[in-house]
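Trainee: predicted model, plus sequence, below.
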Amino acid sequence: MQSSTQSPVNRRWIALLVAGAFFMENLDGTVITTAVPDIAHAFGVAPLALNVGVSAYLLTLGVFIPISGWVAERLGARRVFAAALAIFTLASVLCGMADTLTEFVWLRVLQGAGGAMMVPVGRLVVLNNTPKEKLIAVIATLTWPALVAPVLGPPVGGFITSYASWRWIFYLNLPLGVLALAAAWWLIPDTRAAGKRPFDWPGFLLSGSALFLLTWGAEVIGGQHPDSREAGGCLLMGALLLIALGWHLKRAAHPLIDLSSFAIPTFSITIIGGSLFRMAIGAVPFLLPLMFQLGFGLDAFHSGLLVIAVFAGNLMMKPATTPILRRFGFKPVILVNGLTNVSALAACAWLTPATPVWLIAAVLFVGGLTRSMQFSALNTIAFADVPQARMAAANTLFSTAFQVALGLGVALGATSVRVGHWSAQQLGIADWPAIDYRLAFLLVALVSLLGLADALRLAPDAGEQVARGAGR
């Protein structure tokens with residue numbers, strides 16, 4: 001896909017536009033969790049039945065993200081991004097108007113299809129219009145929605161449901177979507193690939209099936225009444241289909257997802273080690289509310305107030321990201337900051353109901369600081385050495401791995417709690433306060449630590465051109 005030269009002001013506005021779209025997409029994945037009882041009452045069904053509405057959205061994202069690169073090449077990034085925004089916004093309004101569970105589920109599928117195109121194509125637009133030396137600041141802007149939305153989603157959904165109606169969760173996307181659509185048509189250049197490669201149907205069926213099964217398995221594990229056989233079967237079949245997909249993509253003349261970017265060390269560590277880090281971080285929004293409410297006995301409001309400390313850390317780190325990476329370089333920051341993040345996760349295992357609130361908030365704040373930095377560093381170095389001609393293919397692969405990792409984060413959190421419960425019984429400490437969740441944080445910290453091992457392969461000067469040019 002061709003690159004377009006944009007002024008610094010335009011690049012900044014494009015990045016903000018895409019970040020806003022990301023925030024809408026990420027928020028809608030979690031915002032309805034606290035509204036489930038009210039939505040279920042409106043539809044006349046049991047709250048547990050609403051799980052399919054939550055899952056339908058995430059499953060659709062997983063199925064359609066892999067084709068985003070091909071669609072953008074064929075139809076043009078501006079047209080696809082604008083169409084995705086329109087679909088997402090329309091589906092949001094219709095979700096708010098739904099009267100039955102069946103209507104709601106199908107509309108969530110439509111919303112997920114829009115989101116699946118919106119996120120990776122939006123990132124591709126930014127990458128194609130940003131010089132390498134400006135990547136750090138731009139990627140930092142794109143990073144905050146994935147960090148903030150899972151934290152803010154449940155309390156925002158609870159507030160809207162309590163003081164207005166659950167339908168306004170979806171109606172509020174209308175003015176935001178209309179503004180974003182107008183801005184997209186004005187700001188985003190109409191670029192597309194020169195050639196038209198044929199669609200890889202076997203690759204689509206394999207990738208869609210694999211991601212569907214992996215996401216569904218993660219949802220089953222994270223559900224209220226998990227079925228270990230169903231979850232294990234889905235995860236195993238999904239993993240086998242991923243292996244088959246890799247075999248196919250290496251041999252296809254026109255693969256849906258180009259795996260050649262794996263040969264670039266700075267890219268591959270963000271897919272392998274970076275995915276373990278994202279899984280660990282994806283488990284935190286699942287574990288913290290459970291530990292505070294079920295383990296510490298806090299109500300939802302006070303639990304939400306504590307979790308906002310993570311958001312504060314995310315926000316505070318953003319202005320410091322570029323200077324730190326420019327001063328110390330990518331490899332030292334990824335390793336040192338990553339170890340600090342592991343320590344912050346492990347420190348949650350030592351929190352108890354008797355721990356002072358200020359100390360709990362401090363631990364969460366440090367966790368927020370470090371995960372913001374790690375996200376920005378990994379997401380930036382992923383594309384530091386990718387040639388412009390291969391940016392679309394690398395972005396599709398990155399987006400697919402990103403979605404899988406965050407989805408499996410919930411499964412990691414739920415599995416960690418069960419492992420923590422079993423370990424506490426074996427150690428004879430099952431009566432310790434919130435011990436299941438505290439031990440779960442140790443396991444999540446270990447997964448994050450394993451993800452750092454891959455960063456040792458980085459050259460000492462990895463991403464130096466990007467870091468050096470960040471201050472220009």
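Mentor: Sure, I can see it.
Trainee: just give the number of residues close to G367.
Mentor: For G367, the count of nearby residues is 24 (other Cβ atoms under 10 Å). C-beta here means a position set from N, CA and C on the backbone, and glycine is covered the same way.
Trainee: quick one, what contacts R371?
Mentor: Residues in contact with R371 (Cβ atoms under 8 Å, 6 or more residues apart in numbering) are 147, 281, 284, 310, 313-314, 341.
Trainee: that one: which element?
Mentor: In this structure, R371 sits in helix 357-381 according to DSSP states H and E.
Trainee: mind checking what helix or strand follows that helix in sequence?
Mentor: helix 391-427.
Trainee: what's the spacing between that following helix and its chain's center?
Mentor: Here the centre of mass of C-alpha atoms in helix 391-427, compared against the chain's by Cα atoms, centre = their mean, to the nearest Å, lies 11 Å away.
Trainee: and the angle from that helix to helix 357-381?
Mentor: Angle of helix 391-427 versus helix 357-381, following axes from the mean of the first three to the mean of the last three Cα atoms, to 10 degrees, is 150 degrees.
Trainee: just the buried positions in helix 391-427, please.
Mentor: Residues 391-417, 420-421, 423-424 are the ones in helix 391-427 that count as buried (16 or more other Cβ atoms under 10 Å).
Trainee: residues near A430, how many?
Mentor: A430 is flanked by 13 other residues according to other Cβ under 10 Å.
Trainee: find the nearest non-adjacent residue to it, please.
Mentor: The shortest distance from A430 to any residue other than its chain neighbours is 4.5 Å, reached at A424 (Cβ to Cβ, 6 or more residues apart in numbering).
Trainee: didn't that neighbour look like it was pressed against Y437?
Mentor: No - counting by Cβ atoms under 8 Å, A424 sits too far from Y437 to count as a contact (10.1 Å).
Trainee: report how many residues lie close to L378.
Mentor: 25.
Trainee: quick one: average pLDDT of the helix holding R371?
Mentor: Averaged across helix 357-381, pLDDT comes to 92.
Trainee: what do you get for stretch 232-239?
Mentor: Averaging pLDDT along stretch 232-239 gives 88.
Trainee: what comes up buried for that stretch?
Mentor: Result for stretch 232-239 [16+ other Cβ under 10 Å]: buried residues 234-235, 237-238.
Trainee: kindly indicate which of those lies nearest I65.
Mentor: When the buried residues of stretch 232-239 are compared for distance to I65 (Cβ to Cβ), G238 wins out at 14.7 Å.
Trainee: now the element after the one helix or strand L249 maps to, going C-ward?
Mentor: According to DSSP H and E, L249 maps onto helix 228-251. With elements assigned by DSSP H and E, the helix or strand that comes after helix 228-251 is helix 265-271.
Trainee: quick one: list the elements packing against that next one.
Mentor: Here helix 265-271 touches helix 357-381, helix 391-427, going by 3 or more Cβ pairs under 8 Å, 6 or more residues apart in numbering; DSSP states H and E.
Trainee: what are the buried residues along it?
Mentor: Residues of helix 265-271 classed as buried under the neighbour-count rule (16+ other Cβ under 10 Å) are 266-271.
Trainee: then it to PDB, C-alphas only?
Mentor: Output of helix 265-271 as PDB, limited to C-alpha atoms (Å, rounded to 0.1, in the frame of the first residue of the first chain):
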ATOM      1  CA  PRO A 265      13.900  -9.700  15.100                       C
ATOM      2  CA  THR A 266      12.300  -6.500  16.400                       C
ATOM      3  CA  PHE A 267       9.000  -7.600  15.000                       C
ATOM      4  CA  SER A 268       9.000 -11.200  16.100                       C
ATOM      5  CA  ILE A 269       9.700 -10.400  19.800                       C
ATOM      6  CA  THR A 270       6.400  -8.400  19.800                       C
ATOM      7  CA  ILE A 271       4.500 -11.400  18.500                       C
END
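Trainee: what does that helix contact?
Mentor: Contacts of helix 265-271 (Cβ under 8 Å, 6+ apart): 261-262, 330, 378-379, 381-386, 394, 397-398, 401, 454-455, 457-459, 462-463.
Trainee: and what of stretch 80-97?
Mentor: With Cβ under 8 Å, 6+ apart as the criterion, stretch 80-97 contacts 21, 24-25, 28, 68, 71-72, 104, 107-108, 110-111, 113-118, 121-122, 125, 167-171, 173-174, 176-178, 180-181, 184-185, 188.
Trainee: would you mind listing which of those are buried?
Mentor: Buried among the contacts of stretch 80-97 (16+ other Cβ under 10 Å): 21, 24-25, 28, 68, 71-72, 104, 107-108, 110-111, 113-118, 121-122, 125, 167, 169-171, 173, 176-177, 180-181, 184, 188.
Trainee: sitting in helices, which of those do you find?
Mentor: 21, 24-25, 28, 68, 71-72, 104, 107-108, 110-111, 113-118, 121-122, 125, 167, 169-171, 173, 176-177, 180-181, 184 (DSSP state H).
Trainee: follow-up on the earlier one: could the buried residues of helix 265-271 be laid out in TSV, adding pLDDT and distance to L90?
Mentor: Putting those into TSV (pLDDT from 0 to 100; distance: Cβ to Cβ, whole Å) gives the following:
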residue	pLDDT	distance to L90
T266	88	39
F267	89	35
S268	88	38
I269	87	39
T270	86	33
I271	87	33
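Trainee: host element of V36?
Mentor: Using DSSP H and E, V36 maps to helix 36-43.
Trainee: helices or strands next to that helix in the packing?
Mentor: Secondary-structure packing of helix 36-43 (3+ Cβ pairs under 8 Å, 6+ apart): helix 51-64, helix 101-128.
Trainee: could you check the angle helix 101-128 makes with that helix?
Mentor: Using the same axes, to 10 degrees: helix 36-43 against helix 101-128 is 130 degrees.
Trainee: now do helix 36-43, average pLDDT.
Mentor: Helix 36-43 comes out with an average pLDDT of 82.
Trainee: stretch 52-60 now?
Mentor: According to the model, stretch 52-60 has a mean pLDDT of 76.
Trainee: ok, stretch 425-440 next?
Mentor: 91.
Trainee: now what about it, what contacts it?
Mentor: Stretch 425-440 is contacted from outside by 283, 287, 290-291, 294-296, 348-354, 413, 416-417, 419-421, 423-424, using Cβ under 8 Å, 6+ apart.
Trainee: buried set for it?
Mentor: 434-440.
Trainee: so which of the residues you listed belong to helices?
Mentor: Mapping the buried residues of stretch 425-440 onto helices (DSSP H) picks out 435-440.
Trainee: if you count neighbours, what's buried in the helix holding V36?
Mentor: 36, 38-40, 42-43.
Trainee: redo these as a markdown table? Include distance to G304.
Mentor: Converted to a markdown table, these look like this (distance: Cβ to Cβ, whole Å):
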| residue | distance to G304 |
| --- | --- |
| V36 | 16 |
| D38 | 17 |
| I39 | 19 |
| A40 | 21 |
| A42 | 23 |
| F43 | 26 |
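Trainee: any buried residues in stretch 138-145, and which?
Mentor: For stretch 138-145, burial by neighbour count (16+ other Cβ under 10 Å) applies to 138-145.
Trainee: tell me the one of the residues you listed nearest A361?
Mentor: The closest of these, once distances to A361 are taken by Cβ to Cβ, is W144, at 19.9 Å.
Trainee: surely that closest one meets S372?
Mentor: Yes - under the criterion of Cβ under 8 Å, W144 makes contact with S372 at 7.4 Å.
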